[in-house]
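Asks: Provide a 3D model corresponding to the input given below.
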Amino acid sequence: MPTHSTSARGKTLNLIYFCKQRRLSQITAAFFIWLFISGNTQAQTVSDTLGTPLKKWYDKETIYLQGSNRYVKNNMLYAGHKSLLREFSISEGGLQLYLKSRRTRNIGLAISIAGSAGTIVSLISGNRDHLRKFFWVSLGSGVISSAVTMHANNQRDQAVWLRNRDAMFLIDANN
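Replies: Numbering: from 1, shown residues only. This next block holds a predicted model:
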């Protein structure tokens with residue numbers, strides 16, 4: 001029987017010996033070994049001497065979104081298009097992309113409203129000849145509206161990323 005070692009290699013050998021003694025299948029043994037080895041991994045962290053001032057600055061100056069017009073900055077919740085627009089004053093590229101995302105979102109909204117209006121008109125008119133055509137137009141406008149809205153959300157998220165990146169560059173200017 002192998003000796004009890006505190007090294008990872010010694011523990012692995014002990015585990016292999018245990019599996020052989022119990023006559024476990026190779027797959028079960030491999031699973032136990034993988035489980036044992038994966039439990040020994042440790043995450044790397046930023047040292048406190050470098051990370052603390054940077055982490056404080058990051059927590060204080062960066063924003064993250066909660067919905068389309070709400071965001072959190074310095075553990076405070078802010079709401080509204082105007083307050084979010086003010087946050088982009090430090091990032092020209094982020095501001096331009098944010099405004100583009102708003103335009104894209106409005107286009108998606110207009111397509112969605114047009115599709116809904118077409119559906120309502122076809123149902124109210126009672127003309128069964130046009131019902132099938134309006135159904136497909138409504139379905140198509142819904143799919144297109146969803147795709148446009150997803151694109152607008154991606155633009156908005158990228159704008160926030162640019163804004164946060166530019167906020168991190170300001171750390172040198174304020175120190």
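
Asks: quick one, phi psi at Thr62?
Replies: phi -90, psi 160 (degrees, to the nearest 10).

Asks: so what's the residue nearest to it when sequence neighbours are not counted up against?
Replies: Distance criterion Cβ to Cβ, 6 or more residues apart in numbering; nearest residue to Thr62, sequence neighbours excluded, is Asn164 at 4.3 Å. Placement of C-beta: from N, CA and C, glycine included. Contacts here follow Cβ atoms under 8 Å, 6 or more residues apart in numbering; on that basis Asn164 touches Glu61, Thr62, Ile63.

Asks: How confident is the prediction for Asn164, by pLDDT?
Replies: pLDDT for Asn164: 93.

Asks: Which helix or which strand is home to it?
Replies: Take DSSP states H and E as the rule and Asn164 turns out to sit in helix 131-174.

Asks: Next: Tyr64.
Replies: Tyr64 belongs to strand 63-65, assigned by DSSP H and E.

Asks: With Asn127 instead?
Replies: Judged by DSSP H and E, Asn127 forms part of no helix or strand.

Asks: Tell me how many other residues surround it.
Replies: Other residues lying near Asn127 total 11 when counted by other Cβ atoms under 10 Å.

Asks: same thing with Ser141?
Replies: 20.

Asks: sorry, back to before: which residues touch the strand holding Tyr64?
Replies: Tyr71, Val72, Lys73, Glu87, Arg156, Asp157, Val160, Arg163, Asn164.

Asks: And those, which is closest to Thr104?
Replies: Arg156 (8.8 Å; Cβ to Cβ).

Asks: Test my guess that that closest one contacts Leu95.
Replies: No. Between Arg156 and Leu95 there is no contact under Cβ atoms under 8 Å: 11.8 Å.

Asks: what's the domain layout of the chain?
Replies: 8-38, 48-174 (automatic domain parsing).

Asks: which of those sits most buried?
Replies: Greatest average neighbour count among the domains of the chain goes to domain 48-174 (a mean of 14), per mean count of other Cβ atoms under 10 Å.

Asks: Quick check: nearest residue in space to Tyr71, chain neighbours excluded?
Replies: Nearest non-adjacent residue to Tyr71 (Cβ to Cβ, 6+ apart): Ile63, at 4.6 Å.

Asks: likewise Glu87?
Replies: Nearest to Glu87 is Ile63, by Cβ to Cβ, 6+ apart, at 5.7 Å.

Asks: returning to that earlier point: ok, the strand holding Tyr64: who's next to it in the sheet?
Replies: Strand 63-65 has its sheet partners listed here by DSSP bridges as strand 70-73 (antiparallel).

Asks: check contacts around Ser116.
Replies: Taking Cβ under 8 Å, 6+ apart as the test, what Ser116 contacts is Ser138.
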